[in-house]
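S.K.: Please find the sequence and the predicted model below.
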Amino acid sequence: MAQLVIFRHGQSAWNLENKFTGWVDVDLTPKGIEEAKNAGSKLKGFHFDYAYASDLQRAQKTLTLALEAAGHPPITPVYNKALNERMYGDLQGLDKTETVKKYGEEQVKIWRRSYDIPPPKGESLKDTAARVIPYFESEVIPKLKDGKNVVIAAHGNSLRALIMYLEKMTPEQILEFEIGTGQPRLYDLNSDLELLNVKNL
């Protein structure tokens, strides 16, 4: 049996400021640091053979702080942009409320909550899944099949893509699925990678 734990980074500066962040490399807020540590407190007693995060510091710091808070032995994480947040294109850096005023509530909702309609010069969730899933299949699945435990710190939309894949959700189901900051989600898997158990820690 193998265990996979995934969790979203703690609150970032632009989460706090209600801005579209995407690939902009913003830092954690003090609250985000606490959320990362709280995530780690829920991981006490777990042992991970491999750790992954995106290429963005908010996920990397969350992973580091969480493993420290868990009292986990030193582990060298792997960072890869395949796990990055969805790229929001022209919306990056814009205030979400101002964006609604500029483009209209219906259009912004389509960009944020449709599966395959990207914002201008950005990615849809379908586009995000098209880089997250191949990376997961090539990099992580062989380790899980080998009985190794893996932890991944990433982002709301890259994790949505992963959860959709792991839990066989439809696009409609995953778009309504909320992923809280710093909330670890545990998957117990057998050697055939069948889900034995899924739960939030």
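M.R.: That came in fine, so what should we check first?

S.K.: Surely Leu4 is in a strand?
M.R.: Yes: judged by DSSP: H, G, I helix; E, B strand; the rest coil, Leu4 forms part of a strand.

S.K.: May I have the phi/psi pair for the residue nearest to it when sequence neighbours are not counted?
M.R.: Excluding the flanking residues, the one nearest Leu4 by C-beta to C-beta, 6 or more residues apart in numbering is Tyr187, at 4.3 Å. C-betas here are computed from N, CA, C, even on glycine. Backbone torsions of Tyr187, given as degrees, to the nearest 10, read phi -120, psi 120.

S.K.: Specify the beta-bridge partners of Tyr187.
M.R.: On DSSP bridges, the residues paired with Tyr187 through beta bridges are Leu4, Val198.

S.K.: what's the burial count for it?
M.R.: For Tyr187, the tally of surrounding residues (other C-beta atoms under 10 Å) stands at 21.

S.K.: got a list of what it touches?
M.R.: Contacts of Tyr187 were listed using C-beta atoms under 8 Å, 6 or more residues apart in numbering, and they are Gln3, Leu4, Val5, Ile6, Leu166, Leu195, Asn197, Val198.

S.K.: which of those residues has the most neighbours?
M.R.: Leu4 leads the contacts of Tyr187 on contacts (other C-beta under 10 Å) with 26 neighbours.

S.K.: Let me see the ranges of the strands in this protein.
M.R.: 2-8, 50-53, 78-79, 150-154, 185-189, 195-200 (DSSP state E).
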